[in-house]
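Student: Below are the sequence and a predicted model for it; my questions follow.
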Amino acid sequence: MRKIALVLVIILSLLQTGCWNAREIDELGFVLSIGLDKDENGFKVTAQIASPETYSKTLSGMITKPFWMVSSTGKTIFEAIRNMASISSRRIFWSHIKVILISEDLAKNSTLEIFDFFTRNPELRLRTLVAVTPGEAGKLLEVVPVMEKDPAIYLEKIIQNKSLTGKSYNIMLKDFIQDYLDPNVAPVTSRIVLDKSKQEPVLKTSGAYVFDKNNLPIPLTEQNTRGLLWIKKKMNDSIMVVNCPYDDMPTSLEIKKANIGFKSGVDNEIPLFTINLKVTATLTEQSCLTNFNDISKLKELESAMEEVIRKDIQSTITVAKDLKIDFIGLSSILHSQHKEEWHQISSKWNTLFTNTDVSIVVKVDISHISLAKPLEPITKQD
Amino acid sequence: MSNEKEVINNKQFRDIIICIMWPSAINYASGILTREVGRDMWISGIISLFTVLPFIFITINVGKRFPDKTIVKYSQELLGTGLGKVIGFILTIYFFLIASSSVSMYIHHLSDFLLPQTPFLVVTVLHTLVICYLIWKGYEVIGRTSVVAFGMAIIFYLLVLMASLSEIDINRITPFFDSGVLPVFKASIKADTFSGVTPLVIAMLFPMIKDKNSAFRSAASGMFIGGFFFVFYFVVELMVMGPQVVALMRIASMDFVRSIQITQYLHRFESFMVALWYWSIMIQAGILTLCSLEAFKETFGIKKKTPFLVFIFGFLMVILTFVIGRNRVFFLYLREHLWQNFAVPIDFGVPLLVFLAAGLKKAITSANVNK
């Protein structure tokens, strides 16, 4: 028995399976973000690769740029990436990628190829964020942020901050593909723009992109994106600016909690929906002098906020109907609640969707206003 | 002939059953079932448990009449030597094929995601060496290891639960029976190809069980625990990724693990999850190969388990795994479209045949006694 064990140990030592796949860290190019643009050959791929030295706790010598940018072209994405090997000394490693940024031009033509590659790749995480930009994706990735070491982390964080602003959207690759493959729901991605109004241009999230039936990206405004965020229950910790009911001065309200419920039905092939939204908010800033410690005045503010939210949601639904794209996901709600009726009308959904009747019921509860009385200037008495 | 020296207690027996039920089901079954019935695939998984349960009952019922014999031995007594040996031979091949399928699934996990450069044959040989060691050591060692494997499975599922909580969307599994009731029941036949071998394995293990009177309780609890594991995984997979994405994937379990993370700090923990999962699939492959070996010995009257025999089985395992597992397209086609054509008749037909023969024999014996 011992002889057998000894032979086994020798054989196992020789068959060191790890060695075939051994890749030292200094041989790998850790891709943090990737930009995809259209090229005359097909695809232009720009990869932002982390420079591991800048993440070391003990930096020595000069502080170098924390990332490298590598670009190449090819007929397919995979060919473009492999062509990087001719100019990159490190092998591309996908496991830490955070954002896939696609130019609008490319998204108009090649959505299937893009997502086919990323779905098949076993290294890539399905949690990778997907975003589209009206500009050139490769150029945007070169913008060096002030607050973070590299653009990918900056981009990831500003996309994930969607609920703080209430004006942008985020989606992971797995959720994008789920919506992309669903014939009745349209996927929505983040929209990244370059804000040149500052002294140094910065990347900014603004609105969203909806992919229509032909998978062409259509931009969504910030207001319509906010309506979408309400429907998707992604407005927690967000902000609403509502005009004071008495003097139209702006007040800021922070959304603490938002619960949404849906009821659906079909009447003579007209889909009917009722959206019930319950919002808990806190008054964080007011420009007017109204004392909202007065319950009746607080109720007026709540009604004003309810109206603003209702308008936001309604405008998003109107846009969806005008575009004839159900990016809100009303089909999923109807399917979930009334599967028999859904199966009868599902083949006609894209037509019936434009006749959808949606009623929106919003209930706002401003539970906290921080101050016992408004901040009034003290007038000097002569 | 049973191995009189080997005894496994009921807890080990239960844990072996658990290890048979879930590791390969979460691997390929989720994609196969989702392509069949979409978001209802977890319901098909539950239905498959209740279709297997009666066959576990009848297997144990017959086994109690032959407490020291495996199905191979008592089928010769009940059906005649000729037919009994045919059954024994079929079971030898069948157990071996399922074991090879288990080994292939494990290697696909490694080769496709973690060790893409390592040749398929190398990983096959290494894993087969471990299986050969297990079968050489026998039922008791496998039983004791299965207790550890069960513990690892619990850790595995706790991690899955923790990592997926923030991503769960219950709307992705509703409405129930969206594909219709009949298609969901029909799809449970494909689910049975992953769990249906359980009664036959019980029939091989029965002589080793310490407390045979509690065997059904142990087997049923093992089946339901193992079944809960894979149904839970199906449900969470659907809720996190969605039915369209699960249907797209060949090995949905690994893609699921790529979609989740534990807090901001434990991102890529697929390797860790594979290490936890490996315990159970090693037991699955080991026990199935051992059942194949024992069926072979009993069919052909070989009394002793020799190293040469173990070596031959290991060698054949490597060859068969290479043949069926190296081409992933072929393997998926085999598992998805062909497997149920022979698995279902064997899984359910053999226990039923033996049960009917036992019943008939009992009736004839009673009639003779009354005369």
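Tutor: Received, thanks. Note that this is a predicted model, so its numbers are computed, not measured. Numbering: from 1, shown residues only, chains lettered A, B, ... in the order given.
Student: buried stuff in stretch B:8-16?
Tutor: Within stretch B:8-16, the residues that count as buried by 16 or more other CB atoms under 10 Å in any protein chain shown are B:Ile8, B:Asn9, B:Asn10, B:Lys11, B:Gln12, B:Phe13, B:Arg14, B:Asp15, B:Ile16. C-betas here are computed from N, CA, C, even on glycine.
Student: who does the helix or strand where A:Glu307 lies touch, helix- and strand-wise?
Tutor: According to DSSP states H and E, A:Glu307 maps onto helix A:295-323. On a contact count with 3 or more CB pairs under 8 Å, 6 or more residues apart in numbering or on different chains; DSSP states H and E, helix A:295-323 meets helix A:222-231, strand A:239-243, strand A:270-286, strand A:357-368.
Student: Average pLDDT for it, rounded please.
Tutor: For helix A:295-323, mean pLDDT is 94.
Student: How about stretch B:312-319?
Tutor: When pLDDT is averaged over stretch B:312-319, the result is 97.
Student: which one of the helices and strands packed on helix A:295-323 lies closest to chain B?
Tutor: Chain B lies closest, by CB to the nearest CB, to one member of the helices and strands packed on helix A:295-323: helix A:222-231, at 12.7 Å.
Student: how far off strand A:239-243 does that closest one point, in degrees?
Tutor: 120 degrees (axes from the mean of the first three to the mean of the last three CA atoms, to 10 degrees).
Student: returning to what we had before: how far off centre is the helix or strand following the helix holding A:Glu307?
Tutor: For helix A:295-323, the succeeding helix or strand toward the C-terminus, using DSSP H and E, is helix A:330-337. Distance of helix A:330-337 from the chain centroid (CA atoms, centre = their mean, to the nearest Å) equals 23 Å.
Student: Do I have it right that A:Gln160 meets A:Asn170?
Tutor: Yes. Contact criterion CB atoms under 8 Å: A:Gln160 and A:Asn170 qualify, at 6.0 Å.
Student: between those two, which one's more packed in?
Tutor: A:Asn170 (23 against 15; other CB atoms under 10 Å in any protein chain shown).
Student: quick one: that one is in a helix?
Tutor: No. Applying DSSP: H, G, I helix; E, B strand; the rest coil, one finds A:Asn170 to be coil, outside a helix.
Student: who's in contact with it?
Tutor: A:Asn170 is in contact with A:Leu129, A:Ile159, A:Gln160, A:Lys162, A:Ser190, counting by CB atoms under 8 Å, 6 or more residues apart in numbering or on different chains.
Student: mind listing which of the residues you listed are in strands?
Tutor: A:Leu129, A:Ser190 (DSSP state E).
Student: What separation do you get for B:Leu165 and chain A?
Tutor: To chain A, B:Leu165 is 14 Å away according to CB to the nearest CB, to the nearest Å.
Student: what does B:Phe57 give?
Tutor: Going from B:Phe57 to chain A by CB to the nearest CB gives 35 Å.
Student: quick one: contacts for that residue?
Tutor: Contacts of B:Phe57 (CB under 8 Å, 6+ apart): B:Phe216.
Student: element containing it, please.
Tutor: Using DSSP H and E, B:Phe57 maps to helix B:41-65.
Student: Repeat that for B:Phe313.
Tutor: In this assignment (DSSP H and E), B:Phe313 forms part of helix B:307-325.
Student: Ok, A:Glu376 next?
Tutor: Counting by DSSP H and E, A:Glu376 is part of no helix or strand.
Student: interface residues of the stretch 201-350 of chain A facing chain B?
Tutor: Neighbours of chain B within the stretch 201-350 of chain A, by CB under 8 Å from any CB of the partner chain: A:Ser332, A:Ile333, A:His335, A:Ser336, A:Gln337, A:Lys339.
Student: for chain A, which spans come out with low pLDDT?
Tutor: For chain A, applying pLDDT under 70 flags the ranges A:15-18, A:53-64, A:378-382.
Student: all helices of it, in order?
Tutor: With DSSP state H as the criterion, chain A has helices at A:2-14, A:17-20, A:77-83, A:104-120, A:137-141, A:151-160, A:162-165, A:173-181, A:222-231, A:295-323, A:330-337, A:339-345, A:349-352.
Student: Need these in TSV (columns: distance to A:Thr274).
Tutor: Formatted as TSV, these follow (distance: least, CB to CB, whole Å):
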stretch	distance to A:Thr274
helix A:2-14	66
helix A:17-20	59
helix A:77-83	44
helix A:104-120	34
helix A:137-141	41
helix A:151-160	31
helix A:162-165	25
helix A:173-181	23
helix A:222-231	13
helix A:295-323	12
helix A:330-337	10
helix A:339-345	16
helix A:349-352	17
